[in-house]
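Participant: Next input, structure requested:
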Amino acid sequence: MGTKTDGRVERGNQSRRLILARTMDIASVEGLEGLSLGRIATELKLSKSGVFALFGSKEELQLATVRAAIAVFAEHVVTPLRDLPPGSARAWALARNWLAYSADRIFEGGCFFYAVSAEFDARGGPVHDAIARAQRDWVEYVEQTLREGRAAGDFTDDVDVPQLAFEVIALMEAANAQSVLHGNTSAYERAERGIRRRLLADATDRGRGEIEGLPA
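Facilitator: Prediction:
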């Protein structure tokens with residue numbers, strides 16, 4: 001009995017992973033409103049009742065897609081930083097990881113969160129709240145990275161951390177938007193140069209040395 005149960009659970013987990021891989025790509029291109037249990041069942045040749053059993057509603061499918069996208073984002077942008085000590089080099093690596101995540105089309109439509117934030121920014125409800133929380137957590141993480149860099153002596157004591165984080169994120173998102181719209185990569189190069197200059201402007205001599213010692 002236990003073996004049969006374990007087999008059903010594993011098949012369910014495999015189906016869930018398959019579904020969410022597809023829904024993340026759909027949402028990054030068409031938005032979360034483009035998702036439906038019936039559509040996913042048809043595209044992936046699964047039973048609609050089986051998809052319903054895994055998610056229960058369109059809203060739960062949307063929420064699960066957001067949660068899955070957070071994990072993918074962390075894997076590509078945040079996790080690679082784990083061995084880097086706090087400082088300007090870590091902040092610079094974080095920015096470059098984000099640009100690579102968008103440029104490499106980890107999600108088919110570019111940055112997943114840029115796409116769905118525009119879709120749900122003026123709405124209410126659980127899906128809006130999940131997206132807003134993910135965006136807020138990202139901003140706080142960038143700010144934390146910069147504050148830790150300041151504490152390490154790599155940024156000046158009077159650096160306006162929220163302002164610097166805002167400008168860095170704005171350059172990232174502008175690159176994503178232009179690349180997705182126009183189908184070119186030059187925006188990422190421009191954003192990378194702009195972010196590097198912006199970090200250098202608020203860095204100490206030590207911090208500038210850390211950034212300038214890395215490949216441009």
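Participant: Confirm R17 sits in a helix?
Facilitator: Yes. Judged by DSSP: H, G, I helix; E, B strand; the rest coil, R17 forms part of a helix.
Participant: For the strand or helix carrying G50, the averaged confidence score.
Facilitator: Using DSSP states H and E, G50 sits within helix 48-55. Averaged over helix 48-55, pLDDT sits at 91.
Participant: low-scoring stretches of the protein, by residue?
Facilitator: Scanning the chain for pLDDT under 70 picks out the ranges 1-9, 214-216.
Participant: Might you report the residue contacts of the residue most central in space within it?
Facilitator: Geometric centre of the chain, nearest residue: F73, 3.9 Å, by CA atoms, centre = their mean. For F73, the contacting residues are Y101, F112, F113, by CB atoms under 8 Å, 6 or more residues apart in numbering. The C-beta positions use only the backbone N, C-alpha and C, and glycine is treated the same way.
Participant: Which one (most neighbours) among those residues?
Facilitator: F112 (28 neighbours; other CB atoms under 10 Å).
Participant: Next, the contact list for L146, please.
Facilitator: Counting by CB under 8 Å, 6+ apart, L146 has contacts A91, F155, V159, V161, L164, A165.
Participant: Count the neighbours of A132 for me.
Facilitator: Residue crowding around A132 was assessed by other CB under 10 Å; the count is 13.
Participant: Which of the helices or strands spans it?
Facilitator: Per DSSP H and E: helix 126-151 holds A132.
Participant: Other residues contacting the helix or strand just after that helix?
Facilitator: Next along the chain after helix 126-151, taking DSSP H and E as the criterion, comes helix 161-182. Contacts of helix 161-182 with the rest of the structure, by CB under 8 Å, 6+ apart, involve 95, 98-99, 102-103, 109-111, 114, 138-139, 142-143, 146-147, 150, 184-185, 187-188, 190-191, 194-195, 198-199, 202.
Participant: Which of these fall in strands?
Facilitator: Among those, none falls in strands (DSSP state E).
Participant: of these, buried ones?
Facilitator: 95, 98-99, 102-103, 109-111, 114, 138, 142-143, 146-147, 150, 187-188, 191, 194-195, 198-199, 202 (16 or more other CB atoms under 10 Å).
Participant: Show me what the helix holding G50 is in contact with.
Facilitator: Contacts of helix 48-55 (CB under 8 Å, 6+ apart): G12, S15, R16, I19, L37, G38, I40, A41, L61, A64.
Participant: ditto for stretch 138-145
Facilitator: V78, P86, R90, A91, L94, F113, V161, P162, A165, F166, V168, I169.
Participant: Contacts only, for the second one.
Facilitator: The reference is to P86. Contacts of P86 by CB under 8 Å, 6+ apart are T145, E148, G149, A151, A152.
Participant: most surrounded residue in those?
Facilitator: G149 (29 neighbours).
Participant: re the thing from before, for PyMOL, what selects the buried ones among the contacts of helix 48-55?
Facilitator: Command for PyMOL, covering only those of those found buried under the criterion 16+ other CB under 10 Å:
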select buried, resi 15+19+37+40+41+61+64
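Participant: Tell me which entries of the contacts of helix 48-55 lie within helices.
Facilitator: Within the contacts of helix 48-55, residues falling in helices by DSSP state H are G12, S15, R16, I19, L37, G38, I40, A41, L61, A64.
Participant: E30: which of the residues you listed is nearest?
Facilitator: Proximity of these to E30 (CB to CB) peaks at I40, which lies at 12.6 Å.
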